[in-house]
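**Q** What would the 3D arrangement of this be:
(2 chains)
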Amino acid sequence: MTASRFDIRISAGDRLLVDAVGFPVEEGAITFLFGESGIGKSLIGKALFGILDESEFRIRMDGMPYHEYRNSPPARAARNGGFFMFQEPSSHLNPLLTIEAQLKEGTLAKAKDPLAAAMELWRDADRGTLPLILPVYPRAYRPSGGEKQRILAAMAFSKMDIALSGGGESPGLFVFDEPTGSLDREARNRLLDRLFARFRLRHETILLVTHDYGMISYVQSRHRDMGKSFRFMELFVSGGVARTREFEPGRFLAWLGDLHEEPATQAPSPVLRVEGEIRVFGRVLRFSRGGAGGRAVPLEVRPGELAYLKAGSGIGKTTVAKIIVGLLRAEHFRFEIDGVRLGDVSPRSYWRKHLWGKKVTMAFQHADEALNPRAGVGDTLRILGKRSLRRGADIDSALSLLFDSREIPELREKKVWQLSGGQKQRLNLLRAFALETPLIILDEPLSALDFESIDRVLGLIRNARADGRAILLISHNEDIFDRIVPHGSVYVLESAEPS
Amino acid sequence: MTTRDEPRVRVRTLSGFMAGRRDLLWGVLWLAGLALTWGWLGLYLNAPARTLVGDACVNTFAGASAAVAVAVVIGWGTALILHFLESSRRRGAYLALSFLLNLLRSVPQIVGMLLGYVVITALTLNEVLASDTSRILATSLVTALLMFQEVVDLVRERIRHFESLEFVSALLVCGVPSRVIINREILLKNSVPNLVQKAVALFGRAIFLICSVDFIVSVGLSAEVSLSNLPVTLGSMLAKLDSKQDILAIGTALTDVSVIPTLFVEHLQGTSVAFLIVYTLLCVYRVANGLMERYRL
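**A** Down below sits the predicted model:
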C-alpha cells in the first residue's frame, strides 16, 4: 500500500467496467466510497485487497498486471494485516462453523478477547442476545442480517486489536463493503464510533464502501476533528464505464439542510388503521409514539400522509409490512385498509381479489429479489395491466420519473439481470408507484441508491402524497426521513408483553 | 495493454465456443450422422429397402416428436390444475386427481405401451384408425400418456421453487393474476431451458419405447392386423427377416473380422437401422446432458 493513489482498470472480456484514475487509498486515511449499488464499488475494494478473480476480469493496477500487484510485498503486507468485510454477511460467514468459532478462527485467535469486540457493537439493553447467537451455525434467517453485520465488523475490529497490541508492523488494509446496510442509525453510529476509536490509536488504511450518504452528516458532526483523515469519493457511470470523482460532503449536507418537514394531512378517516397488538411467530408487536417504551397507539395512515415506521434491526418491520399486505399470516391481528376490515380469519383469497394492486401495494426491500431477473424492463411495468402502460411511449414516460431520458432507450431493451443494483431499486419503486392504490408500503426505498436518485425518489413520494395516496415507510435512512416526516407520523415498532 | 493474459479472454475459437455448448455439438453430430448414413445408403442399398428405412426414420421421429409435444401440453395443463386445486384448498378434487395420476404412474411404461397397442389394434380392426397418420398419432398419444407425468413433476417443482422467491410475492401484491405469474413469469421466462431439456430427454425415451414395443410385437398382434399394416418404424424394421439376417451378421463379425467390411455394403438394412437407433439414443442423451451442463439445471 505504498502508492497513495491508484489507477484501477477492470474489464470483463472486451468491456471496460471500471476506470478509476487516481483513486486515493492512503496509509492512515479513511476513504469513503459512495455511489449506486451494482456499478463497481465492491470491485474496486476487492481489486485493492487483491482478491478479484483473474479468470473473470482483466485488471490493471497502476498499469501493472494484477498478479504482479497482488504478489507485491506492500499489497501482501496490507492484506495480511487487514480484513475484508464482505457486503453480503450470509455469504461471508461459514455455515459449518458456529459464530463463536468464527470469531476466534485463524489469525483472529491471537486477539486477547474477540468477544469483547462484538460486545461493543451491541446496545447495553440488548447485550443479553449476543451469547444466544454465539453457538448458532449461520443460516439465512438466523442470526439476523444486522447481527451478522455486527459479527463481521467485530472480526475486523479484532484484527485491528491484534495490530494494536503487537504494534510495529505496517498498516493493514481494511475494506468495509456496505457494513451498515442492515443496521439502524444507532447501531450504525456505534459501529462507526468503535472503528474511529481504533483508528485514533493506530492509523490503518481503511476503505469504507457504502451508499449510506447519511454517514456524512454523522462523521462531520461527531468526528469533525478527524476531518483531515477522511477522503470522500463517489463512483458514477459515464459512457457505460464506472469512474470515480471526489465527492464534496458539503453538497450533501446543504441538500440535507434544505429538507424540511412536510405537514401531515388532516383527512378524517385513515386508509390504514392497525389496532392493538400483532402476534406473530410467538412474539407480540405493538406500535408506540415518541420513542421506545412510549404509550401504545394504533398505527394510522391517512390519505396524503407519509407515516414512518421505525424499529431496531430484526424487530420485525418487514414482517409487519408483509402481514398488512397479506403475504404472511399472523396469529392475531386486526386492521382496516380503505374501509375493508381484516383480521386473522380473513382468507388470503380476499387480499387477492379485493386488495392486491387495487387498494394496497408494496415495494420490497431487496430489489434484486423483488424483480424477475429474466423479465425485460418494459415488461416489468407492462405486466401491471394498466392501460397507461401499454405502449412504448407510456413506458418511457413512466421510466423518466426516476431515470435520465438519455439512458431510457438503452434501458428499455435490457433484462432486469443486466441492471445495476440502483437501477433495479428504481424500477422496483416505479412499479409500486405506477399502480394507483390508495396505500403504498415502501420497505427501505432509498437502499442501493446514489444521491441524485435519492432526491428523485423523495420527489416521487411527494407527488404521490399530493395525489392523496397514503404511504407507510420503513427505512434505516433516519438522517433523511427524520427531517421530512412530522413527529406525529413517526411510529416505533417494539416487542411487548401480551396484554 | 500487451499482457499475456489478454489473448485468453479475447480470442474465441470454435472449440472454445462449442466447449460450453455440448448440446449443440451433439445435435450437429446427430444430424451429420443421419446425413452420412443416408448418403451411404444411397450408394449401397437398393431403392425399395432404402425407401423403407427412410419411412421408418420419418415415422419414428415424427411419432416421438408428437409424443413429446402431447406430453408437454398434457403435463403443463395437469400441473396447473393440480396447483390451483391445491392452492384453492379443494382437497377432495386434488386428492382424487393425484390418486389417478399415481395409479397411472404405477403402470410400467413397457406394459402400458403393450396395452396401448392392443387398443390401437382394436381401433384399426374397427377401421377407426384408417390412415397411417392416425395410427402414428394414436401411438404418440399412448406414449405421451406414459411420459407426461415427468413434465407434471418438473412444472410443479419450478412453480414451488419460484413461489418461495420474493419476486412472485411482489407481483402478487401488484395485483398480477396467479395464472399470469405462473405461465409467463415462471414457466416461459424462467423455465424454458428446463422444459427443453426435459423434452429432449423424453424424445429419446419415446424413440426407445416405440422401437422396443414395435420389435416385441413383431410376432403379430392378430390374424388381421400385423406390423405389415401398421406404419413402419425403426423398431418394426428390425423385426423384418432381412434385418434379422443383417443383425446376425453383426454377431458373426464379433468372431470373424473378415465379415466386418461386408456389414457396410451387403448387410446395410439391419445394420443401418440398428445404427440409427443406437446413434440417435446416444446423441439425444448427450444433447440432454449438454443442456443440463450449459444451463446448470
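
**Q** what residues are up against the residue in chain A that chain B sits nearest to?
**A** Nearest residue of chain A to chain B (CB to the nearest CB) works out as A:G357 at 1.6 Å. Quick note: C-beta positions are derived from backbone N, CA and C, even for glycine. Taking CB atoms under 8 Å, 6 or more residues apart in numbering or on different chains as the definition of contact, the neighbours of A:G357 are A:L384, A:L435, A:T437, B:V173, B:C174, B:G175, B:V176.

**Q** list the buried ones in whichever strand or helix holds A:A398?
**A** Taking DSSP states H and E as the criterion, A:A398 maps to helix A:392-399. With burial defined by 16 or more other CB atoms under 10 Å in any protein chain shown, the residues of helix A:392-399 counted as buried are A:D394, A:I395, A:D396, A:A398, A:L399.

**Q** Quick one: mean pLDDT over that helix.
**A** Helix A:392-399 shows a mean pLDDT of 88 in the predicted model.

**Q** Could you tell me how far the top helix by length along chain B lies from the centre of the chain?
**A** Ordering each helix of chain B by length in residues (DSSP state H) puts helix B:47-87 first. Offset of helix B:47-87 from its chain centre (CA atoms, centre = their mean, to the nearest Å): 7 Å.

**Q** C-terminal to that helix, what's the next element?
**A** Using DSSP H and E, the first helix or strand after helix B:47-87 is helix B:91-105.

**Q** how close does A:P409 get to A:D396?
**A** Using CB to CB, to the nearest Å, one gets 8 Å for the distance from A:P409 to A:D396.

**Q** oh, I was asking about A:F481
**A** Relative to A:D396, A:F481 is positioned 30 Å away (CB to CB).

**Q** And the residue of chain B that's closest to chain A?
**A** B:G175 (1.6 Å).

**Q** list the contacts for that residue?
**A** For B:G175, the contact set (CB under 8 Å, 6+ apart) comprises A:W356, A:G357, A:K358, A:T361, A:L384, A:G385, A:L435.

**Q** helix, strand or coil for it?
**A** The local conformation at B:G175, judged by DSSP: H, G, I helix; E, B strand; the rest coil, is coil.

**Q** about what we covered before: with pLDDT added, can I get the contacts of A:G357 in TSV?
**A** What follows is those, written out as TSV (pLDDT from 0 to 100):
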residue	pLDDT
A:L384	92
A:L435	91
A:T437	94
B:V173	95
B:C174	95
B:G175	94
B:V176	95
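
**Q** PyMOL command to pick out the buried ones of those?
**A** Paste this into PyMOL to select the buried members of those, with burial taken from 16+ other CB under 10 Å:
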select buried, (chain A and resi 384+435+437) or (chain B and resi 173+174+175+176)
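
**Q** Name the nearest residue to the residue of chain A closest to chain B, sequence neighbours excluded.
**A** With sequence-adjacent residues excluded and distances taken as CB to CB, 6 or more residues apart in numbering or on different chains, A:G357 is closest to B:G175, at 1.6 Å.

**Q** swap in B:V265?
**A** In space, not counting the residues next to it along the chain, B:V265 is nearest to B:Y44; the distance is 4.9 Å by CB to CB, 6+ apart.

**Q** measure the one you found to B:S272 for me?
**A** Where B:S272 is concerned, B:Y44 sits at a distance of 10 Å (CB to CB).

**Q** Spell out which residues of the stretch 301-450 of chain A are next to chain B.
**A** On the criterion CB under 8 Å from any CB of the partner chain, chain B has as its neighbours in the stretch 301-450 of chain A the residues A:322, A:325-327, A:349, A:352, A:356-358, A:360-362, A:364, A:366, A:369-375, A:383-385, A:428, A:431-432, A:435.

**Q** Please list only the buried members of those residues.
**A** Among these, those classed as buried by neighbour count (16+ other CB under 10 Å) are A:322, A:325-327, A:352, A:356-357, A:360-362, A:364, A:366, A:370-375, A:383-384, A:428, A:431-432, A:435.

**Q** Tell me which of those fall in helices.
**A** If you go by DSSP H, those have A:K322, A:A370, A:N428, A:R431, A:A432 in helices.

**Q** Now flag whichever of these is closest to B:V265.
**A** Using CB to CB, A:A370 comes nearest to B:V265 of those, at 65.9 Å.

**Q** Report the contact partners of the closest one.
**A** When contacts are counted by CB under 8 Å, 6+ apart, A:A370 touches A:A363, A:F364, A:N428, B:E166, B:F167, B:A170.

**Q** what does A:I99 give?
**A** Contacts of A:I99 were listed using CB under 8 Å, 6+ apart, and they are A:L93, A:I133, A:L134, A:P135, A:V136, A:Y137, A:P138, A:P143, A:I151.

**Q** Looking at the residues you listed, which are in strands?
**A** The members of those all map outside strands under DSSP state E.

**Q** isn't the residue nearest to B:V265 right up against B:L268?
**A** Yes - contact status for B:Y44 versus B:L268: in contact at 5.7 Å, counting by CB atoms under 8 Å.

**Q** Quick check on those two: which one has the bigger neighbour count.
**A** Each of B:Y44 and B:L268 had its neighbours counted (other CB atoms under 10 Å in any protein chain shown), and the higher figure belongs to B:L268 (24 against 13).

**Q** Run the contact check for stretch A:182-199 versus chain B.
**A** No - residues of stretch A:182-199 contacting chain B under CB under 8 Å from any CB: none, with a closest distance of 15.9 Å.

**Q** what's the burial count for the residue lying closest to B:T78 once chain neighbours are set aside?
**A** Across the structure, with CB to CB, 6+ apart as the measure, the residue nearest B:T78 apart from its sequence neighbours is B:V152 (5.0 Å). Other residues near B:V152 come to 22 when the count uses other CB under 10 Å.

**Q** buried stuff in whichever helix or strand B:V152 is part of?
**A** Assigned by DSSP H and E, B:V152 belongs to helix B:132-163. For helix B:132-163, the neighbour count (16+ other CB under 10 Å) marks B:135-152, B:154-156, B:158-159, B:162-163 as buried.

**Q** That'll do, ta.
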